[in-house]
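>>> Turn this into a model:
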Amino acid sequence: MSIIGWIILGLLAGAVAKILLPGRDPGGILGTTIIGIAGAFIGGWISARWLDHPINNSFYDGATWAAAIGGALVLLIGYRILFGHSRSR
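Reported below is the predicted structural model:
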């Protein structure tokens, strides 16, 4: 899968993570999008490195999607913990 494929996967993974973890984000839609893309890359790297599941070259591989969504969820939770209270309500 090319870098463009990972970016698209990250955008979709960020949207799914936002659906699974609703609420206000300190960075808004742009921050959530960037977190989704970074989460896809990090989730894929963790899956290949430590979970002994190399990332498949197919865009439609379920394990690749799970790794990307999991990475996006972890980053989104961490982002909310670190920066969640810095925005005025």
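>>> residue closest to the middle of this structure?
A72 (2.1 Å; Cα atoms, centre = their mean).
>>> Tell me the spacing between it and S2.
19 Å (Cβ to Cβ, to the nearest Å). Heads up, the C-betas are built off the backbone N, CA and C, glycines and all.
>>> picking up where we left off before, is it true that the residue nearest to the centre of the chain touches G31?
No: counting by Cβ atoms under 8 Å, A72 stays clear of G31, with 11.9 Å between them.
>>> Spatially nearest residue to A17, not counting backbone neighbours?
Counting by Cβ to Cβ, 6 or more residues apart in numbering, A17 lies nearest to A72, which is 3.9 Å off, once chain neighbours are set aside.
>>> pLDDT at the one you found, what is it?
pLDDT recorded at A72 is 85.
>>> in the helix or strand of the chain with the lowest mean pLDDT, what's buried?
Across the helices and strands of the chain, mean confidence by mean pLDDT, DSSP states H and E is lowest for helix 28-49: a mean of 80. By neighbour count on 16 or more other Cβ atoms under 10 Å, the buried set for helix 28-49 is 32-44, 47.
>>> quick one: which of those is nearest I81?
Distance to I81 across the buried residues of helix 28-49 (Cβ to Cβ) is lowest for I35, with 12.7 Å.
>>> quick one: contacts for the closest one?
Counting by Cβ atoms under 8 Å, 6 or more residues apart in numbering, I35 touches G14, A17, G27, A72, L75, L76, Y79.
>>> just I69 next, same as before
A13, V16, A17, L20, G39, G43 are the contacts of I69 under Cβ under 8 Å, 6+ apart.
>>> Return the set of buried residues in stretch 5-25.
Quick answer for stretch 5-25 (16+ other Cβ under 10 Å): W6, L9, G10, L11, L12, A13, G14, A15, V16, A17, K18, D25.
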